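In: Structure, please.
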Amino acid sequence: MNHVSERQEKQSFRRIAVLGALDEEINLIAHNLTKVRQIQKAGLSVTQGEMDPGSDCPPIYLAATVAGMGLVNAAAATQFLLDSFQPDAVIFSGIAGNLNPSLHINDIVLGQTVRYLDSDMSLIGQAYPGLTEYHSDPVLLSAASAVLDSLGIMYKKGTIASGNRFIQGDTAIAEVKEQTGADAAEMEGAAVCHIAAKNDCPALIIRALSDNADTEYDTFKEFDISEYANTAARIVVEVIRELGRHRESSDSR
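Out: Sure, this is the predicted structure:
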């Protein structure tokens, strides 16, 4: 694929941090690494290793961890990876509840815009970086879109809502859509983008839709989510390889 923008030619992604909320969201990514080593710190198990982009390109160095569910867990894990690994980009991979009737289970929402639920952003946004909503990095969005187009996977560059509660039922869906206009709901993306923005690090949120926000959590947690988690993870792997190939193209100019 040849989707290198002028900005992307100047931006190098040599080290990438990947987070998920659940084991199922990270397992496939970790299995694509070589020269693997494990670090246990700050309540996290971090898998570090190399990913081969192919085409005789140099490897991408990766750190992947399971943050746990919720905004605080996501924020803490993101800051830990930024401090410890100093990545050039942060990617969150995982599942989300669908709020958009034009999308279907196992479709993808890329978090072009990510908003907090139940938060007064006029207060929170007074601190650096002074934002009331957050955005995935345009270069990373472009790479993800190129991968999804090549794979023929239905996706939308849309809005994701993040909050510390499991969204279920028509009333809750209507409230979230009125508050945020979101296409999908989850519990971590805004915190990841928020902390990445505070550290001036590009971020990307990739969510595979696992349900239509119509199931109680006690029932949902018994579902096998591996199919949907693996969909997002496979896209993350291909995005990282795409970035690695673009980096090599840029370095050779």
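In: Report the separation between residue 112 and residue 145.
Out: Taken as C-beta to C-beta, to the nearest Å, the spacing of residue 112 relative to residue 145 amounts to 10 Å. C-betas here are computed from N, CA, C, even on glycine.
In: Show me the common contact partners of those two, please.
Out: Common neighbours of residue 112 and residue 145 (criterion: C-beta atoms under 8 Å, 6 or more residues apart in numbering): residue 157.
In: residue ranges for the helices of the protein, please.
Out: Across the chain, reading from the start of the chain, the helices by DSSP state H fall at 6-10, 23-31, 71-85, 121-124, 138-151, 170-180, 189-198, 217-220, 226-251.
In: Determine the angle, from 0 to 180 degrees, between the last one and helix 138-151.
Out: What separates the directions of helix 226-251 and helix 138-151 is an angle of 120 degrees, with axes from the mean of the first three to the mean of the last three C-alpha atoms, to 10 degrees.
In: gap between helix 226-251 and the chain center?
Out: 12 Å (C-alpha atoms, centre = their mean, to the nearest Å).
In: Identify each buried residue in that helix, please.
Out: Residues 226, 228-247 are the ones in helix 226-251 that count as buried (16 or more other C-beta atoms under 10 Å).
In: Centroid-nearest residue for this protein?
Out: Residue closest to the mean C-alpha point of the chain, counted by C-alpha atoms, centre = their mean, is residue 92 at 2.3 Å.
In: which ones are touching residue 34?
Out: Residue 34 is in contact with 49, 50, 51, 52, 59, counting by C-beta under 8 Å, 6+ apart.
In: Farthest pair within these?
Out: In these, two members sit farther apart than any others by C-beta to C-beta. They are 49 and 52, at 10.4 Å.
In: Understood, closing this out.
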